[in-house]
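> I would like to see how this sequence folds:
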Amino acid sequence: MSSAASPHTLRPLLAAALLALASPTLAADDPAAKDAPQGAAVTVLKASKSCFPNVVEAFGILIPREETMVRPDRPGLKVAEIFADPGDTVTAGQNLARLTLPEGGTTTVAAPVAGLVLSSTATIGALASPRGEALFSIIARSEFDLVGMVPTQDLSRLAVNQPAHIKVVGAGEVEGKVRRVASTVEPNSQLGQVFIGVTTNRKLFVNSSGRAVITTGQSCGVAVPLTAVLYGSAGTVVQVVRRARIETKRVQVGLMSGGQVEIRDGLIEGDIVVARAGALLREGDPVRAITAEAEAK
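Model (predicted):
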């Protein structure tokens, strides 16, 4: 005849069952335990080699590179007809105005060079002479210079024929090259002049302001995204992952371009870098590194 187990008998059995469930040996044998994630998941990438342009910025205005004045070659003439206005593009030899001669008959004045008519004083019936005010002013070959100002310390980095990317107010972005670098600086501002020849088919306006970015060379080294760099009271740092833990590396940054920043010291090529560094991650924190490619899948 069987009898029910007493409470005194059940207690040891329950304790043994609980001990077995919590046993480290069983947990180690459980595949799910082995694959359990450790630490926060962070997106990482490898620090890689990249080249950055060395640039100098110049701010200034557009001026005609060469201005040609057009006058008649004899006195006593009157303007009878006008064939060109300011803003017109003319060719070399193109008639600009017809003039009447004192003795009767007419003659013409023509453009000595091709270019853009900058200004005109010609009015019907007005007198014209070789010593008076010019009838027309032409920007020869429609060529402009951006006369920019740069700090004294940057003048030594500039040289003739260096390429420049120029943003002109009202005309957009155009290309150019350094034509001349001044040998003196303004004593008060300590700024020097650089003359940048502008190359474009767009219509430009004299005295328009512009900003030029002049490429003086390039620097190649280790690079990471700007998002991987932290700036703080402790300095500039990048967080890397080694042995599944966060290590904070103090770095020296250099040039920046296209969302990337040059790391001149503190990292080597191939270091596993946290793509988006953050204050929540601290030295020694365990993490699970996930590549950007794997995260995108």
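> At which residues are the strands of the stretch 1-150 of the chain located?
According to DSSP state E, counting those that start in this stretch, the stretch 1-150 of the chain carries its strands in the segments 40-46, 48-64, 67-70, 77-82, 89-90, 95-100, 106-110, 115-120, 127-128, 136-140, 144-151.
> avg pLDDT for the longest one?
It stands for strand 48-64. Average pLDDT, strand 48-64: 93.
> Could you give the bridge partners of Met256?
Counting by DSSP bridges, Met256 forms beta bridges with Val261.
> Measure how buried it is and give me the count.
Other residues within reach of Met256, judged by other Cβ atoms under 10 Å, total 13. Where you see a C-beta, it was placed from the backbone N, CA and C, and this is true even at glycine.
> One more: Glu262?
20.
> residue contacts, it?
By Cβ atoms under 8 Å, 6 or more residues apart in numbering, the contact set of Glu262 is Ser50, Phe52, Ser219, Gly221, Val222, Ala223, Val253, Gly254, Leu255, Met256.
> Make sure the fourth one is indeed in a helix.
If I follow you right, that is Gly221. No - looking at Gly221 with DSSP: H, G, I helix; E, B strand; the rest coil, it is strand, so not inside a helix.
> Which residue is the nearest non-sequential neighbour of it?
Closest residue to Gly221 apart from its sequence neighbours, by Cβ to Cβ, 6 or more residues apart in numbering: Glu262 at 5.5 Å.
> and if you look at the first one?
The shortest distance from Ser50 to any non-neighbouring residue, by Cβ to Cβ, 6+ apart, is to Ala223 (3.7 Å).
> what's the answer for the third one, then?
For Ser219, the nearest residue in space outside its immediate sequence neighbours is Phe52; the separation is 5.2 Å by Cβ to Cβ, 6+ apart.
> What's the separation between the one you found and Ser120?
Taking Cβ to Cβ, to the nearest Å as the measure, Phe52 falls 48 Å from Ser120.
> So this structure: which segments form each domain?
Here the domain parsing of the chain from automatic domain parsing is 40-52+220-296, 55-63+142-218, 69-139.
> Give me the distance from the second one to the chain's centre.
Centroid separation between domain 55-63+142-218 and its chain, computed with Cα atoms, centre = their mean, to the nearest Å, is 15 Å.
> again, but for stretch 245-256
How far stretch 245-256 lies from its chain's middle: 23 Å, per Cα atoms, centre = their mean.
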